[in-house]
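1. Structure for this input, please:
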Amino acid sequence: MDWHFTEDRPIWQQLTEQITLLILNGEYPPGSRLPAVRELAAQAGVNPNTMQRAMAQLEQNGLAAGSRTAGRTVTEDIDVIRAARLERARAAVSQCLRILEELGYSRADALAIIKEELHDE
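-> From the prediction side, this is the model:
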């Protein structure tokens with residue numbers, strides 16, 4: 001995985017978001033074992049404590065479950081994953097609408113633009 005970080009937010013939050021996306025898009029399927037914290041930290045080039053904080057946040061968000069002996073696994077609760085996907089999709093749509101409104105487009109204009117883009121594909 002290519003890890004991308006910006007300076008506008010803490011690294012652990014960005015790690016949480018990137019791993020969440022991997023779960024939501026199925027790269028880490030429900031019930032699968034997540035790589036160890038040290039392994040992920042090495043891949044991302046971050047301190048293991050930073051990765052540990054990200055993984056703890058995944059657990060708090062209900063997307064992962066941890067065990068001292070078995071490591072962490074992706075939740076098997078499909079409803080939790082679906083809800084997280086929908087929440088992320090709605091946030092993306094909201095951000096898109098905000099940007100279009102900043103450009104002076106109405107919501108009706110925004111819908112027309114989206115329909116046009118969908119039709120062009």
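2. Run through the strands of the protein in chain order.
-> Under the criterion DSSP state E, the chain contains strands at 64-67, 71-74.
3. Those into TSV, with extra columns for mean pLDDT?
-> Shown next, in TSV, are the strands of the chain (pLDDT from 0 to 100):
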stretch	mean pLDDT
strand 64-67	92
strand 71-74	95
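4. Quick one: end-to-end distance for stretch 59-68.
-> For stretch 59-68, the first-to-last residue distance is 13 Å (Cα to Cα, to the nearest Å).
5. and that stretch, how far from the chain's centre?
-> Put simply, stretch 59-68 sits 15 Å off its chain's centre (Cα atoms, centre = their mean, to the nearest Å).
6. What lies in contact with that stretch?
-> Stretch 59-68 has contacts (Cβ atoms under 8 Å, 6 or more residues apart in numbering) with 16, 20, 23, 34, 55, 58, 72-75, 77, 80-81, 84. Any C-beta I mention is one placed from the backbone N, CA and C, and that applies to glycine too.
7. which among those gets closest to Ala91?
-> Of all those, Ala84 has the smallest distance to Ala91: 10.6 Å, by Cβ to Cβ.
8. Would you check that that closest one makes contact with Leu24?
-> Yes. Counting by Cβ atoms under 8 Å, Ala84 touches Leu24, with 6.0 Å between them.
9. ok so, going back, top of the contacts of stretch 59-68 by neighbour count?
-> When neighbours are taken as other Cβ atoms under 10 Å, the top entry among these is Met55 (25 neighbours).
10. residues touching that one, list them.
-> Contacts of Met55 by Cβ under 8 Å, 6+ apart are Ile19, Leu34, Val37, Leu40, Ala64, Gly66, Arg72.
11. Swap in 10 Å and give it another go.
-> Counting by Cβ atoms under 10 Å, 6 or more residues apart in numbering, Met55 touches 12, 15-16, 19, 34-37, 40-41, 48, 64, 66, 71-72.
12. do the same with Met51
-> Applying Cβ under 10 Å, 6+ apart to Met51 gives the contacts 11-12, 15-16, 19, 35-44.
13. can you do 7 Å?
-> Leu15, Val37, Leu40, Ala41, Ala44 (Cβ atoms under 7 Å, 6 or more residues apart in numbering).
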